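In: structural data only, the sequence is not supplied:
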């Protein structure tokens, strides 16, 4: 276990989660401040996802010239400056410029921790350490709406929230200087003669397929985290503070589930665990729409293990080309989130937020179909 890198990864994903999820509870206030419709406001999320896609595409080139520790330092500095810019922006056009810079840094902070943990952890402990890693995201996601509610309680506004949250990347930047800058020694995997992991769509197609499968799940999770406050405000008529606290309930369940999987390892094949997570999440999201929104909250428990278990599956399927596989994962997430935010924004304008939330169960079903067809399509064991 390479503990300095594991700790840095955990800290990085915590900062990633806090800065990412502070945006959801602020969304309604930002729409009001700039007098935006839902479709226009969707660019608040979509543009940062587009920037994250660009970052993931070029990340492999960065890793050739810079250590992953240095990449994290650059990303945290960029994030801190972008948050200050968001707080200062006099109009929505300036705001979008800083959202784009914010997205560039988010793309790296979402990618590097997953790589470092995989490289610094023995295979037998990898599932638990990855669940622990994504528990940090869950913990940050839980604190983000509470943080926003606390700012509002103190009389602050959305600009104050961006100013104060910028302290988190600043603290990560300071901590990174206490971590040695040196490359990790990757696990050795002998290659057969003539094998290449850097050329040919045939070799990259399974990576892209699994990345897309994962991204459909991510669309559903981010749909809840970014739109639940809006849903509670418009459909259930909650105020700003209460809608932020309600989002917190979802993240409590998400965190609890990931902490549980950090300590417990099930013997069932990964594909079976992932399938169960998806089917239960579909059921709970539909119940949240048609029965009671509390089911959106409970869906955090069923969704909790999916991301870390999928990263574990990817690391087992592509141990020789992990940087590439995870780059595709982050890039695919960013691309799909652009589609999701713009689609949901347009559907909300036309049909209302309640109907737009049906995108969640639909994309989870697509993820389920892709997961269970992977082995058949690529003629390899995916369990």
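Out: Thanks, I have it. Quick caveat: nothing in here was measured; it's all calculated off a predicted structure.
In: low-confidence stretches in the stretch 201-350 of the chain?
Out: 201-203, 240 (pLDDT under 70).
In: what ranges do the strands span in the stretch 151-300 of the chain?
Out: Read by DSSP state E, counting those that start in this stretch, the stretch 151-300 of the chain holds no strands at all.
In: mind listing the helices for it?
Out: In the stretch 151-300 of the chain, the helices defined using DSSP state H, counting those that start in this stretch lie at 158-165, 167-176, 201-234, 240-263, 270-290, 294-303.
In: nearest to residue 76, out of these?
Out: helix 167-176 (4.2 Å; Cβ to Cβ). Where you see a C-beta, it was placed from the backbone N, CA and C, and this is true even at glycine.
In: count the neighbours of residue 110 for me.
Out: Look at residue 110: counted by other Cβ atoms under 10 Å, it has 24 neighbours.
In: any chance of the helices of the stretch 151-300 of the chain in TSV, plus mean neighbour count and distance to residue 315?
Out: Below are the helices of the stretch 151-300 of the chain laid out as TSV (neighbours: other Cβ atoms under 10 Å; distance: least, Cβ to Cβ, whole Å):
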stretch	mean neighbour count	distance to residue 315
helix 158-165	20	31
helix 167-176	18	24
helix 201-234	21	11
helix 240-263	21	16
helix 270-290	19	11
helix 294-303	22	20
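In: distance to residue 68 added to the ones you listed, as a markdown table?
Out: Listed next are these as a markdown table, based on distance: least, Cβ to Cβ, whole Å:
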| stretch | distance to residue 68 |
| --- | --- |
| helix 158-165 | 24 |
| helix 167-176 | 10 |
| helix 201-234 | 20 |
| helix 240-263 | 23 |
| helix 270-290 | 26 |
| helix 294-303 | 28 |
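In: now for these, which one comes closest to residue 139?
Out: Closest among the helices of the stretch 151-300 of the chain, using Cβ to Cβ: helix 240-263, at 5.4 Å.
In: how far off helix 201-234 does that closest one point, in degrees?
Out: 140 degrees (axes from the mean of the first three to the mean of the last three Cα atoms, to 10 degrees).
In: relative to helix 158-165, how tilted is helix 240-263?
Out: Using the same axes, to 10 degrees: helix 240-263 against helix 158-165 is 30 degrees.
In: which residues touch the nearest residue to residue 270 once chain neighbours are set aside?
Out: Excluding the flanking residues, the one nearest residue 270 by Cβ to Cβ, 6 or more residues apart in numbering is residue 313, at 4.9 Å. By Cβ atoms under 8 Å, 6 or more residues apart in numbering, the contact set of residue 313 is 210, 270-271, 274, 382.
In: quick one: which of those is nearest residue 17?
Out: Relative to residue 17, the closest of these is residue 274; by Cβ to Cβ it sits at 21.3 Å.
In: residue 237: neighbour count?
Out: Neighbours of residue 237 (other Cβ under 10 Å): 9.
In: ramachandran angles for it?
Out: phi 60, psi 40 (degrees, to the nearest 10).
In: my guess is residue 280 meets residue 302, correct?
Out: Yes. Taking contacts as Cβ atoms under 8 Å, residue 280 lies within contact range of residue 302: 4.0 Å.
In: between these two, which contacts overlap?
Out: Counting by Cβ under 8 Å, 6+ apart, nothing touches both residue 280 and residue 302.
In: not counting residues beside it along the chain, what's closest to residue 220?
Out: residue 360 (4.2 Å).
In: was I right about that neighbour contacting residue 285?
Out: Yes. With contact defined as Cβ under 8 Å, residue 360 counts as touching residue 285 (4.7 Å).
In: list residues touching both of those two?
Out: Contacts common to residue 360 and residue 285, judged by Cβ under 8 Å, 6+ apart, are 220, 224.
In: coming back round to it: what's the burial count for the residue nearest to residue 220?
Out: So residue 360, with other Cβ under 10 Å, has 28 neighbours.
In: what does the helix or strand encompassing it contact?
Out: Assigned by DSSP states H and E, residue 360 falls within helix 359-378. With contact meaning Cβ under 8 Å, 6+ apart, helix 359-378 is reached by 205-206, 209-210, 212-214, 216-217, 219-220, 223-224, 271, 274-275, 278-279, 281-282, 285-286, 289, 340, 343-344, 347, 381-383.
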